[in-house]
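Peer 1: coords below, sequence missing:
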């Protein structure tokens with residue numbers, strides 16, 4: 001089972017930056033901070049992907065994440081429409097049932 005790192009976000013960022021700047025070898029950085037090299041490289045890859053996404057968001061084109069957000073917003077609007085229709089129908093049925101009593 002994987003264990004959670006005790007490093008704060010800023011510390012994780014600094015370790016990755018040191019790796020990217022090649023200030024120290026990955027093995028030394030990992031050992032000093034109680035990490036595996038695989039964890040350190042995974043953090044580096046996530047850091048780089050985040051940078052790519054940030055640059056892409058500045059362009060006119062949409063990223064996978066923004067497309068997903070748009071899809072979820074459409075689904076939410078459809079659900080809200082259905083709930084509104086059901087609310088109206090429920091009120092009508094309630095008034096009809098009160099009139100029958």
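Peer 2: Yep, that arrived. Everything quoted here is computed from the prediction, not taken from an experiment. Numbering: from 1, shown residues only.
Peer 1: Tell me the secondary structure at the residue positioned nearest the centre of the chain.
Peer 2: For the chain, the residue lying nearest the average C-alpha position, counting by CA atoms, centre = their mean, turns out to be residue 65 (8.4 Å). Going by DSSP: H, G, I helix; E, B strand; the rest coil, the secondary structure assigned to residue 65 is helix.
Peer 1: ok, now how distant is it from residue 83?
Peer 2: Noted for residue 65: a distance of 27 Å to residue 83, by CB to CB, to the nearest Å. No exception for glycine: its C-beta is placed from N, CA and C like everyone else's.
Peer 1: show me the contacts for residue 41.
Peer 2: When contacts are counted by CB atoms under 8 Å, 6 or more residues apart in numbering, residue 41 is found next to residue 26.
Peer 1: Pull out the buried positions in the helix or strand hosting it.
Peer 2: Secondary structure from DSSP states H and E places residue 41 in helix 37-57. Residues of helix 37-57 classed as buried under the neighbour-count rule (16 or more other CB atoms under 10 Å) are 39, 40, 43, 44, 47.
Peer 1: can you list the residues you listed in a markdown table and add distance to residue 93 and pLDDT?
Peer 2: Written out in a markdown table, the entries for the buried residues of helix 37-57 read as follows (distance: CB to CB, whole Å; pLDDT from 0 to 100):
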| residue | distance to residue 93 | pLDDT |
| --- | --- | --- |
| 39 | 58 | 94 |
| 40 | 62 | 95 |
| 43 | 56 | 94 |
| 44 | 59 | 94 |
| 47 | 56 | 91 |
